[in-house]
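>>> Here is a sequence with its predicted model. Questions after.
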Amino acid sequence: MRPSLPARPGADGGAAAPIAAAANFLSRLRRPSTVLVAVSGGSDSIGLLFSLHQALTLSGAPHRLVACTVDHALRAASAAEAAAVSQRCRALGVPHHVARWSHADITSGLQAQARLARYRLLSEAAHLFGADLVVTAHTADDQAETIAMRAARHREDRAAGRGAPIGLAGMADAVLFDGRLWICRPFLGVGRQAVRDALTARGEGWIDDPSNDDPRFERVRIRRGSASPASPGPSSCDPDDGLACGDAAAGRIRSGALLSGLLARHVRIAEGVAAEIALADLDVADDAWRRLLVLLAATLAGKPHGIGRDSAARLVSALGDPAATATTAGGCVFERRAGRLFVYRERRNLPVPTTVAPGQSLLWDGRFTIDNTGLLPITILAGGDRALAARLAAQGLPAGVAGRIAQAAPAILGPDGGLVPDGAFSRHPRIAPYDTFLPRFDLMIGQSIAAKLGRAPYPECPVDDIAMK
């Protein structure tokens, strides 16, 4: 553990900021809650733990703190660091759990896998403690770096003549993980130095993770290149880039409302496998329509991320060409027929036939969770469901389009090779762009897509939006 940095002049004012942020966060909880604090041992998370504990002690609010440290086992010292966090939590009377990640079989994409594993393990710890939500210690510095990275990509897009991407607002104050657990960020408006000053005033130290200074990571390079990384101001967000700067999150919410309106008024989802839009309503020159098409394609193709920037630009160009009747992008076909645009999964790279035993489930093609609720095994394969093609045609889709859509949809067969009756299985559509991570400012459009697919709504965040306080 390293000694904390000496306090700057005027640190007393800055040292109060973390406590105020923690108190503000606790005041926005809608009901008495058990809050799981993700604590790594670094200054930000230790500061969050102490700030929430102090704010809770001072307020006497009816909430309970518990904590979890995820040991990624990527460094030799990580186990000892997790044990040190346990001791600090014990001293505060905060129950603590260490979750260790097993990654021996992972050979590529380690950082991305580590991030997903961290949230999965935090979710398991939340279930263990009966926690209502998780809090993480992302600060204003992290927010500034995120905005700077996205602004750089936006400048690249603008220079290349590509449409604006969706993710310009930085990190949301709350994110829904796995469709069921809200992860909140009380310190997004607090600078890292203020957190360290508060720890210094208490005589507390913290642990530095060497990866935070590793220039292989884009965030570290952004941090080193910023004159004032703790301030998410003009140096990180340039209005000439078309960003909303301090109002970026509000802009993202307005965008979600606009997309939700377009979806409700102009898009029909047929059988959870295809979207239909009247060409007279579609305006591919409009950014909102472009973003909605990207989101629809990701959902209908079962992909967690939207169409790539270059592919999106080619798609817009093709849709603007009256001579082009069909094009593909992001795993979807965009086909114009009878005055309408149909968007559906293309017939490439579909899953091989897979058998699901009774009582088991399968995530199929990233698009559907299929549960075998019967007594016999079922086999799931692409195509082969002639009844689906007939239903689509009965709903007004051209017969040829309906047939092509059905060829990429799942068919559920029994041991005799015949279609399984509905009562022997259940099929739930997945919203791949949002079912793992749904930022609060995209909740409105996420709810709209869920309604179009006939799904239950996502759970509301247990913490009021900061704009309401």
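That came in fine, so what should we check first? Residues are numbered from 1 along each chain as shown.

>>> Confidence-wise, which helix or strand of the chain is lowest on average?
Every helix and strand of the chain was ranked by mean pLDDT, DSSP states H and E. The lowest is helix 218-225, at a mean of 54.

>>> Quick check: what element follows that helix along the chain?
Taking DSSP states H and E as the definition, the helix or strand that follows helix 218-225 towards the C-terminus is helix 248-266.

>>> any idea of the mean pLDDT in that next one?
Rounded to a whole number, the mean pLDDT of helix 248-266 is 88.

>>> Please apply the same query to stretch 282-297.
The predicted model gives stretch 282-297 an average pLDDT of 94.

>>> Equivalent analysis for stretch 187-201, please.
If you average the per-residue pLDDT over stretch 187-201, you get 94.

>>> Could you tell me which residues within that stretch count as buried?
Judged by neighbour count using 16 or more other C-beta atoms under 10 Å, the buried positions of stretch 187-201 are 187-200. Quick note: C-beta positions are derived from backbone N, CA and C, even for glycine.

>>> if I read this right, residue 125 contacts residue 119, doesn't it?
No. Checked against C-beta atoms under 8 Å, the pair residue 125 and residue 119 is beyond contact range at 10.6 Å.

>>> For residue 19, which non-adjacent residue is spatially closest?
If the residues on either side of it in the chain are set aside, residue 19 comes closest to residue 51, at 5.2 Å by C-beta to C-beta, 6 or more residues apart in numbering.

>>> Let me know the distance separating that neighbour from residue 317.
The span separating residue 51 from residue 317 equals 51 Å under the rule C-beta to C-beta, to the nearest Å.

>>> Who has more neighbours out of the two?
residue 51 (27 against 13; other C-beta atoms under 10 Å).

>>> Now do that one, the pLDDT please.
97.

>>> got it, and the one 3 residues further on?
The per-residue pLDDT reported for residue 54 equals 97.

>>> Most distant residue from the centre of the protein?
Centroid-distance maximum for the chain: residue 416 at 40.8 Å, with C-alpha atoms, centre = their mean.

>>> name the element that residue belongs to?
Taking DSSP H and E as the criterion, no element holds residue 416; it sits outside all helices and strands.

>>> cool, the one 10 residues further on as well?
Here residue 426, judged by DSSP H and E, is contained in strand 425-429.

>>> got the contact list for residue 448?
Taking C-beta atoms under 8 Å, 6 or more residues apart in numbering as the criterion, residue 448 is in contact with 259-260, 263-264.

>>> Filter the residues you listed down to the buried ones, PyMOL style.
Written as a PyMOL command, the selection of buried residues from the contacts of residue 448, which uses 16+ other C-beta under 10 Å, is:
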select buried, resi 259+260+263
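
>>> of the contacts of residue 448, closest to residue 443?
Taking C-beta to C-beta as the measure, residue 443 lies nearest residue 260 of the contacts of residue 448, at 10.1 Å.

>>> any idea how far the closest residue to that closest one other than its chain neighbours is from residue 375?
When the adjacent residues along the chain are set aside, residue 260 lies closest to residue 448, with 4.1 Å between them (C-beta to C-beta, 6+ apart). Between residue 448 and residue 375 the computed distance is 38 Å (C-beta to C-beta).

>>> How about residue 388?
Taken as C-beta to C-beta, the spacing of residue 388 relative to residue 375 amounts to 24 Å.

>>> Comparing the two, which residue is more hemmed in?
For residue 388 versus residue 375, neighbours defined as other C-beta under 10 Å are more numerous around residue 388 (22 against 8).

>>> tell me which element the more buried one is part of?
Using DSSP H and E, the element containing residue 388 is helix 386-394.

>>> what's the next secondary structure element after that helix?
Next in sequence after helix 386-394, counting helices and strands by DSSP H and E, comes helix 399-407.

>>> Pick out the most distant pair among the buried residues of stretch 187-201.
Across the buried residues of stretch 187-201 (C-beta to C-beta), the longest gap, 21.7 Å, separates 188 and 200.

>>> Let me see the mean pLDDT of the helix holding residue 388.
95.

>>> ditto for stretch 357-372
For stretch 357-372, the per-residue pLDDT averages 97.

>>> so who does residue 271 touch?
By C-beta under 8 Å, 6+ apart, the contact set of residue 271 is 388, 391-392, 395, 409.

>>> that older thread, list the strands paired with the strand holding residue 426, with their directions.
Using DSSP bridges, strand 425-429 pairs in its sheet with strand 368-372 (antiparallel).

>>> Which positions in the strand it pairs with come out as buried?
Buried residues in strand 368-372 (16+ other C-beta under 10 Å): 368, 370-372.
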